[in-house]
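Visitor: Sequence below, structure please.
(one chain, ligands or ions: 11)
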Amino acid sequence: MPSLLCRRQLFLLLLLLLVAASHGDSSGDTYDTSMCLPESTCGNISIRYPFYFYNKTKDINGSNNSYCGYPGLAIDCDDGKLTLQLNGADKYKVNNISYGSITNVSLVDRDFVDYSSGCTKVDHNVTTPPASWLFFPDMSVEYLVFFLGCSFMNLPRKNTDPITCRFIGLAGQSYVIPKDQVLPGNWSQFCNQIFEVPVLKYQPVDPNSDAWRNGGYGQVLRQGFQLSWNDTGRPPNCTQCEESKGRCGFSQNREFLACLCPNGRVHSVNCSASDTEWERELIGGRMPSNSGVMLTMA
Ligand SMILES: *[C@@H]1O[C@H](CO)[C@@H](O)[C@H](O)[C@H]1NC(C)=O
Ligand SMILES: *[C@@H]1O[C@H](CO)[C@@H](O)[C@H](O)[C@H]1NC(C)=O
Ligand SMILES: *[C@@H]1O[C@H](CO)[C@@H](O)[C@H](O)[C@H]1NC(C)=O
Ligand SMILES: *[C@@H]1O[C@H](CO)[C@@H](O)[C@H](O)[C@H]1NC(C)=O
Ligand SMILES: *[C@@H]1O[C@H](CO)[C@@H](O)[C@H](O)[C@H]1NC(C)=O
Ligand SMILES: *[C@@H]1O[C@H](CO)[C@@H](O)[C@H](O)[C@H]1NC(C)=O
Ligand SMILES: *[C@@H]1O[C@H](CO)[C@@H](O)[C@H](O)[C@H]1NC(C)=O
Ligand SMILES: *[C@@H]1O[C@H](CO)[C@@H](O)[C@H](O)[C@H]1NC(C)=O
Ligand SMILES: *[C@@H]1O[C@H](CO)[C@@H](O)[C@H](O)[C@H]1NC(C)=O
Ligand SMILES: *[C@@H]1O[C@H](CO)[C@@H](O)[C@H](O)[C@H]1NC(C)=O
Ligand SMILES: *[C@@H]1O[C@H](CO)[C@@H](O)[C@H](O)[C@H]1NC(C)=O
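Guide: Ligands and ions are numbered 1, 2, ... in the order given. Now for the predicted structure:
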């Protein structure tokens, strides 16, 4: 018992010394570590950095609303439901994430999730944020184009028939056409709104068929789409940061800001060895079993 107490006191003393030492070191700033997503699950989906909680943005080195994660990967876990804010305010339900050298995320626009029948209306483009390195993989994704509120009065009849759906507030005909079947031409001259959305590859369809025109295209939307990223698009200083066990902090302008180290220190590019050793001891909340380890570190 006395020897255990002794060890604890020794540990605490060393802790104090180290904290004091790091505060004395003026070269480093700190960040609020709660901004970094701990490895956890939301519902049955495993989530971790480079995702980040959209409502846990913080100040990094004077740059407000910065985040610990990649641009475009703001998530929210509400009541076991995982949503992603890809680009702007539109939210997508996340059905699955598989992490790897190419990470894949399966998404469905939240507006489509609960539609069982009738006409689904798209009201925004689905895009990846500029300067992010997220992409819609060609292998699994294709696109539907929505031409809403069109009038082709002065044109000869197109060889595509409009959908039978009428949308409130939009005069004229609307068309939902697989991108590879869209006839060339300046559609924006004739249509009120044009939206392009990624969808999972599906069985070839005839956009002139009754089923499709009566709202059947909605089934394709409800299957969602895939979003991926890999390491090749990472900014070089983010790569260096992650290789040093740090996490990349980005600004609202999607620029790499700084390297967020496990011990709460911020560095401009990478963490030093002492910035990463601490995590195991402190985050684990455990006393080291062997004070010899502490002595080596100190
Ligand atoms: C963030 O900083 C900018 C410029 O310094 C300022 O205009 C803006 O109001 C700040 N936003 C918040 C939420 O503090
Ligand atoms: C962030 O959102 C979650 C779920 O929506 C909520 O439980 C949590 O309190 C929010 N955190 C902050 C700091 O607003
Ligand atoms: C999570 O659970 C839901 C409903 O039980 C299921 O539909 C979905 O496929 C599951 N997702 C994963 C990634 O296991
Ligand atoms: C989720 O992704 C993993 C890995 O790609 C895959 O094995 C699994 O079947 C997927 N689950 C669902 C419900 O799609
Ligand atoms: C992600 O999808 C690509 C194909 O688009 C595949 O090659 C890769 O193995 C997938 N990654 C994981 C982790 O399943
Ligand atoms: C297409 O039409 C729109 C609206 O009339 C016009 O603003 C645009 O410049 C045209 N684009 C091309 C490539 O002609
Ligand atoms: C959506 O994308 C289409 C096709 O790329 C484009 O013509 C249209 O202007 C975009 N709409 C908005 C609101 O950005
Ligand atoms: C890796 O990501 C880049 C975009 O950052 C993409 O262009 C490239 O196709 C991806 N490579 C693979 C093998 O998916
Ligand atoms: C951090 O970067 C510097 C130079 O940029 C390099 O010399 C050093 O080895 C790097 N440290 C780690 C732990 O990667
Ligand atoms: C990251 O690298 C880019 C390009 O190499 C550079 O412009 C930028 O200033 C760097 N950012 C930081 C915080 O070092
Ligand atoms: C913090 O910002 C200052 C100037 O804005 C810069 O000199 C310093 O390198 C930054 N620190 C880190 C860790 O990025």
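
Visitor: sec struct for the residue of the stretch 51-200 of the chain found nearest ligand 8, please.
Guide: Distances between the stretch 51-200 of the chain and ligand 8 by C-beta to the nearest ligand atom are smallest at Trp133, namely 3.7 Å. Glycine gets a C-beta too; all of them are placed from N, C-alpha and C. Reduced to three states with DSSP: H, G, I helix; E, B strand; the rest coil, the structure at Trp133 is coil.

Visitor: Which residue, other than its chain neighbours, is closest to it?
Guide: Gly233 (2.5 Å; C-beta to C-beta, 6 or more residues apart in numbering).

Visitor: same check, this time on Ser140
Guide: Going by C-beta to C-beta, 6+ apart, Ser140 has Gln226 as its nearest residue, at 4.8 Å.

Visitor: and stretch 256-275, which residues are buried?
Guide: 256-267, 270-271, 275 (16 or more other C-beta atoms under 10 Å).

Visitor: Start and end of it, how far apart?
Guide: 19 Å (C-alpha to C-alpha, to the nearest Å).

Visitor: Near ligand 7, which residues of the protein? Just list them.
Guide: 125, 188, 194-196 (C-beta under 6 Å from any ligand atom).

Visitor: what's near enough to touch the residue nearest to Ser140?
Guide: Counting by C-beta atoms under 8 Å, 6 or more residues apart in numbering, Gln226 touches 104-107, 136-137, 140-141, 198, 200.

Visitor: And Tyr99, by the same measure?
Guide: 46, 48.

Visitor: How about Thr160?
Guide: 175, 177, 181, 183, 207-208.

Visitor: Which two among these are spaced furthest apart?
Guide: Distance extremes for the contacts of Thr160: the farthest pair is Leu183 and Asn208 at 12.9 Å, using C-beta to C-beta.

Visitor: ok so, going back, tell me, how many residues neighbour the residue nearest to Trp133?
Guide: 13 (other C-beta atoms under 10 Å).

Visitor: I'd like the distance between it and Thr83.
Guide: 24 Å (C-beta to C-beta, to the nearest Å).

Visitor: ok so, going back, only the buried subset of the contacts of Thr160, as a PyMOL command please.
Guide: In PyMOL, a selection of the buried entries from the contacts of Thr160 looks like this (16+ other C-beta under 10 Å):
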select buried, resi 175+177+207
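
Visitor: Put together TSV for the contacts of Thr160, with pLDDT and distance to Pro162 on each row.
Guide: Putting the contacts of Thr160 into TSV (pLDDT from 0 to 100; distance: C-beta to C-beta, whole Å) gives the following:
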residue	pLDDT	distance to Pro162
Tyr175	92	5
Ile177	92	10
Gln181	89	14
Leu183	86	14
Pro207	87	10
Asn208	88	10
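
Visitor: what is the closest residue to Met35 other than its chain neighbours paired to in the beta sheet?
Guide: Take Met35 and drop its neighbours on the chain: the residue closest to it by C-beta to C-beta, 6+ apart is Lys58, 4.3 Å away. With DSSP bridges as the criterion, Lys58 is bridged to Ser66.
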